[in-house]
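A.B. asks: show me how the following folds:
(chains A and B)
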Amino acid sequence: DSGVTQTPKHLITATGQRVTLRCSPRSGDLSVYWYQQSLDQGLQFLIQYYNGEERAKGNILERFSAQQFPDLHSELNLSSLELGDSALYFCASSSIKGGGFGDNEQFFGPGTRLTVL
Amino acid sequence: TQLLEQSPQFLSIQEGENLTVYCNSSSVFSSLQWYRQEPGEGPVLLVTVVTGGEVKKLKRLTFQFGDARKDSSLHITAAQPGDTGLYLCAGALSTASKLTFGTGTRLQVTL
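C.D. replies: The predicted model follows:
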């Protein structure tokens, strides 16, 4: 158990819909990262928040948005869903600000499996 | 174009065999990490290497960072079924950059 929790574990929805994925980081971790993992694209970095502020952006679509709340939990909002958005979405947390290297270990949650029908 | 290419993509071996997984790039990385991911779970960090030529050992796993910091390898000695999983390398181009993950190597170790 990494200490990072994600809900829901599974989500099935239809094209055009909007969903919200939730992540609670490890106690004390200020950085939250969101990743998308699909069979053809592998694990892709989407966005990082540090202590409530956006810190780095990756391959995140305009239809997707995220935020980190004062209690440090984070939500990833996916809208106008398309079939190609079906994937595993992971949240990770770490204690420091950087993108992840050296002592900055990222702890991954169990993921949310999104299926768009 | 993937920044980090891993080979092989798939590997199926028997218990007791040795194996090496490679992670290659044309870019120079500030540091490189290796993760293992099991079905239904998120990736778990195995090791971080930061110095060119560095070798780190974790029980039966040996990790090496290339001298030029463009490539890395993971060698497993006497593989066990518990080693089964998806192995991912991930690199950071600089101290402030995000992690870029490799294409992954799916390992299956059978009895």
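
A.B. asks: what about the residue in chain B that chain A sits nearest to, how many residues nearby?
C.D. replies: Residue nearest to chain A within chain B (Cβ to the nearest Cβ): residue B:42, separated by 2.9 Å. The way it works is simple: take the backbone N, C-alpha and C, and place the C-beta from them, glycine included. Neighbour count for residue B:42, taken as other Cβ atoms under 10 Å in any protein chain shown: 23.

A.B. asks: what's the pLDDT at it?
C.D. replies: Residue B:42 carries a pLDDT value of 93.

A.B. asks: ok but it is inside a strand, no?
C.D. replies: No - looking at residue B:42 with DSSP: H, G, I helix; E, B strand; the rest coil, it is coil, so not inside a strand.

A.B. asks: is it correct that it is in contact with residue A:1?
C.D. replies: No - applying Cβ atoms under 8 Å, one finds residue B:42 not in contact with residue A:1, separated by 10.7 Å.

A.B. asks: return the residues of chain B in contact with chain A.
C.D. replies: B:2, B:30-31, B:33, B:40-45, B:48, B:50, B:88, B:90, B:92, B:95-104 (Cβ under 8 Å from any Cβ of the partner chain).

A.B. asks: which stretches of chain A have low pLDDT?
C.D. replies: For chain A, the stretches with pLDDT under 70 are A:97-104.

A.B. asks: where exactly do the strands run in it?
C.D. replies: Secondary structure of chain A (DSSP state E): strands located at A:5-7, A:10-13, A:19-24, A:31-38, A:42-50, A:53-57, A:64-68, A:74-78, A:87-94, A:107-108, A:112-116.

A.B. asks: tabulate those strands (CSV), appending distance to residue B:84 and mean neighbour count.
C.D. replies: As requested, those are exported to CSV (distance: least, Cβ to Cβ, whole Å; neighbours: other Cβ atoms under 10 Å in any protein chain shown):
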stretch, distance to residue B:84, mean neighbour count
strand A:5-7, 23, 16
strand A:10-13, 23, 14
strand A:19-24, 27, 19
strand A:31-38, 18, 24
strand A:42-50, 18, 22
strand A:53-57, 33, 15
strand A:64-68, 32, 19
strand A:74-78, 30, 20
strand A:87-94, 18, 24
strand A:107-108, 18, 22
strand A:112-116, 20, 18
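
A.B. asks: tabulate the ones you listed (CSV), appending distance to chain B.
C.D. replies: Formatted as CSV, the strands of chain A follow (distance: least, Cβ to the nearest Cβ, whole Å):
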stretch, distance to chain B
strand A:5-7, 8
strand A:10-13, 11
strand A:19-24, 11
strand A:31-38, 8
strand A:42-50, 4
strand A:53-57, 5
strand A:64-68, 14
strand A:74-78, 15
strand A:87-94, 5
strand A:107-108, 3
strand A:112-116, 9
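
A.B. asks: phi first, then psi, for residue B:81.
C.D. replies: Dihedral angles of residue B:81 (phi, psi; degrees, to the nearest 10) stand at phi -50, psi -30.

A.B. asks: ok, the closest residue to it other than its chain neighbours - how many residues close by?
C.D. replies: Leaving aside its chain neighbours, residue B:81 sits nearest to residue B:109 (5.0 Å; criterion: Cβ to Cβ, 6 or more residues apart in numbering or on different chains). Look at residue B:109: counted by other Cβ under 10 Å, it has 20 neighbours.

A.B. asks: show me what counts as buried in stretch B:62-76.
C.D. replies: Going by neighbour count (16 or more other Cβ atoms under 10 Å in any protein chain shown), the buried part of stretch B:62-76 is B:62-66, B:69-76.

A.B. asks: just the ones in strands from these, please.
C.D. replies: The strands, defined by DSSP E, take in B:62-65, B:71-76 from the buried residues of stretch B:62-76.
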